[in-house]
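**Student:** 3D model of this:
(2 chains)
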Amino acid sequence: MSTKRLYLAVVPAYNESATIATVVEALRRHATEFDTLVIDDGSTDGTDALAFGAGATVLKLPFNVGIGGAVQTGFVYALEHGYDFVAQVDGDGQHDSVELKRLTRTMEEQAVDVVCGSRFLTLDQRYPAPISRRTGIHIFSFLLSRIVGMRVSDPTSGFRLYNHRAIELFAHSYPHDYPEVEAVLMLHRHRLRMQEIPVRMYSRGGGSSSISTGKSAYYMIKVLLALFVGLGRRRPVVDLGDGGA
Amino acid sequence: MQARIQLVAIVGVATLLLTVLEMVRRRQLMERYALLWLLSAAVLLVLAIWSGALARISHAIGVIYPPNALFFIGMGFILLLLLHFSSAVSRLSDQSETLAQRQALLEERLRRQEHLSGDPQAEVAEERRDVTAVRESTRDRARSDPVGGARS
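**Tutor:** As a prediction, the model looks like this:
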């Protein structure tokens, strides 16, 4: 890799016309070292045009492929264009782009492969989420922490920074339906290091979450199955060697 | 339920369950499609082991011989799975149609762009494509008309 560092902010968005322009503008204002790439996952409300108008590069998927496939598109793009770092930021405005600096600083200082923003490491601020959602997150957190042997306080957080090794892994293989929890397990399987730092998160600015209440049971079961089966996958899908970045 | 048929049912369903799990582990089966299989296998396994429950169900639906109730329930799951896959196939064909359309539009846009920019590289490619097309059509003609092919 060259000494020039290239940063890409990947924003997956599905029908986020209410917030996408604000998110892109905030990224361009507060995270100037990042190029902004919006993955429009088959939106029908003109999300792509709004994102483009706000100054982002836009990849519009021809139909909805789901959050996992959308985010992976970002990894593939980053790999093809030689980006060294990818930040994943939600299109609904719940992540604060000012905090990206803290993610990049942590990655430089700790020499880890992935830095993950956690909403549960701050004590002063309670994340405004329904109790059912929080219970689910805590169950995953409990299981995952035991499996990977370190505390993972917020395994469903989609506010993450990846280095080149992680980009390579996830461009090759990324979980499909509800990817965040499983992605942590994959990192562990491939011996990539992850570090959590506390971040603020806001309630959604508009649109609706990819996880509606009706789907949360399916979500729980699917992710539990993925965790359970993932335990049996000893062989890595990609041999990354060491010190790839 | 007779001991032998119960044993056969348990072994069969357990094999199915393990196969599904193994396929998910090898990434030959996505979790999305595995869940219904796992649900079917799990329910059938419980009923195969717990013959009391199966007897009660078969009595309730008016089946005299309990193992038949197991077949009946298994068939219900098969119908459910088929419906599930039919809907999945419908979605997939819809998506591949959209993909083909987008791809055709893109190709047209790219071709026009190449034409406008007068890219010599593109013209070479275009020519090469023409030559290939001519060669292929000649070959086709030769094949369909062996006499003419021999003459030339």
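**Student:** which residues of chain A fall in strands?
**Tutor:** Assigned by DSSP state E, the strands in chain A fall at A:7-13, A:34-40, A:57-60, A:85-88, A:114-118, A:160-162, A:194-198.
**Student:** mean pLDDT for the ones you listed - can I get that in TSV?
**Tutor:** Below are these laid out as TSV (pLDDT from 0 to 100):
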stretch	mean pLDDT
strand A:7-13	96
strand A:34-40	96
strand A:57-60	96
strand A:85-88	96
strand A:114-118	94
strand A:160-162	97
strand A:194-198	93
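**Student:** out of these, which gets nearest to chain B?
**Tutor:** strand A:57-60 (9.3 Å; CB to the nearest CB). For every residue, glycine as well, the C-beta is placed using N, CA and C.
**Student:** residues in contact with the closest one: which ones?
**Tutor:** Contacts of strand A:57-60 with the rest of the structure, by CB atoms under 8 Å, 6 or more residues apart in numbering or on different chains, involve A:35-40, A:42-43, A:48, A:51-52, A:73-74, A:77.
**Student:** out of the residues you listed, give me the one that has the most neighbours.
**Tutor:** Most neighbours among the contacts of strand A:57-60, by other CB atoms under 10 Å in any protein chain shown: A:Val38, with 31 neighbours.
**Student:** any idea how far it lies from A:Pro12?
**Tutor:** 8 Å (CB to CB, to the nearest Å).
**Student:** for the most centrally placed residue in chain A, what are phi and psi?
**Tutor:** Taking CA atoms, centre = their mean, the centroid of chain A lies closest to A:Gly158, which sits 3.4 Å from it. Main-chain dihedrals, A:Gly158, degrees, to the nearest 10: phi -110, psi 20.
**Student:** and the one helix or strand B:Glu97 maps to, what other elements does it pack with?
**Tutor:** Per DSSP states H and E, B:Glu97 falls inside helix B:66-117. Packing partners of helix B:66-117 (3 or more CB pairs under 8 Å, 6 or more residues apart in numbering or on different chains; DSSP states H and E): helix B:3-25, helix B:31-49, helix B:51-60, helix B:120-144.
**Student:** which stretch in those has the least confidence?
**Tutor:** For the helices and strands packed on helix B:66-117, mean pLDDT drops lowest on helix B:120-144, to a mean of 58.
**Student:** so for A:Val181, which of the strands of chain A sits nearest?
**Tutor:** strand A:114-118 (11.5 Å; CB to CB).
**Student:** quick one: low-confidence parts of chain A?
**Tutor:** A:1-5, A:123-130, A:204-214, A:234-245 (pLDDT under 70).
**Student:** return the residues of it in contact with chain B.
**Tutor:** Counting by CB under 8 Å from any CB of the partner chain, the residues of chain A close to chain B are A:62-63, A:176-177, A:218, A:221-222, A:225-226, A:229, A:232-233, A:237.
**Student:** out of those residues, which is nearest to A:Glu168?
**Tutor:** Out of these, the member with the shortest distance to A:Glu168 (by CB to CB) is A:Val237, at 11.2 Å.
**Student:** how about the contacts made by B:Pro68?
**Tutor:** One correction, residue B:68 is Asn, not Pro. B:Ser58.
**Student:** please apply the same query to A:Tyr77.
**Tutor:** A:Leu8, A:Val10, A:Leu37, A:Leu59.
**Student:** out of those residues, who's the most crowded?
**Tutor:** Ranking these using other CB under 10 Å puts A:Val10 first, with 28 neighbours.
**Student:** can you pull up the bridge partners for that residue?
**Tutor:** Under DSSP bridges, the beta-bridge partners of A:Val10 are A:Leu37, A:Gln88.
**Student:** how much space separates it from A:Asp90?
**Tutor:** From A:Val10 to A:Asp90 the distance is 10 Å (CB to CB).
**Student:** wait, A:Asp92 touches A:Thr22, no?
**Tutor:** No: judged on CB atoms under 8 Å, A:Asp92 makes no contact with A:Thr22 at a distance of 10.0 Å.
**Student:** please save the CA atoms from stretch A:158-176 in CSV.
**Tutor:** C-alpha atoms of stretch A:158-176 as CSV (Å, rounded to 0.1, in the frame of the first residue of the first chain):
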residue,chain,number,x,y,z
GLY,A,158,-23.3,-0.4,12.4
PHE,A,159,-20.9,2.5,13.2
ARG,A,160,-17.5,0.9,12.4
LEU,A,161,-14.1,1.6,10.9
TYR,A,162,-12.3,-1.1,9.0
ASN,A,163,-8.7,-1.3,7.8
HIS,A,164,-7.4,-3.0,4.7
ARG,A,165,-7.4,-6.5,6.0
ALA,A,166,-11.0,-6.3,7.2
ILE,A,167,-12.0,-4.7,3.9
GLU,A,168,-10.4,-7.6,2.1
LEU,A,169,-12.2,-10.2,4.3
PHE,A,170,-15.6,-8.6,4.0
ALA,A,171,-15.4,-7.8,0.3
HIS,A,172,-14.9,-11.6,-0.1
SER,A,173,-17.5,-12.7,2.3
TYR,A,174,-20.0,-10.8,4.4
PRO,A,175,-23.1,-12.1,6.2
HIS,A,176,-26.4,-11.6,4.5
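**Student:** nice, that's everything, thank you.
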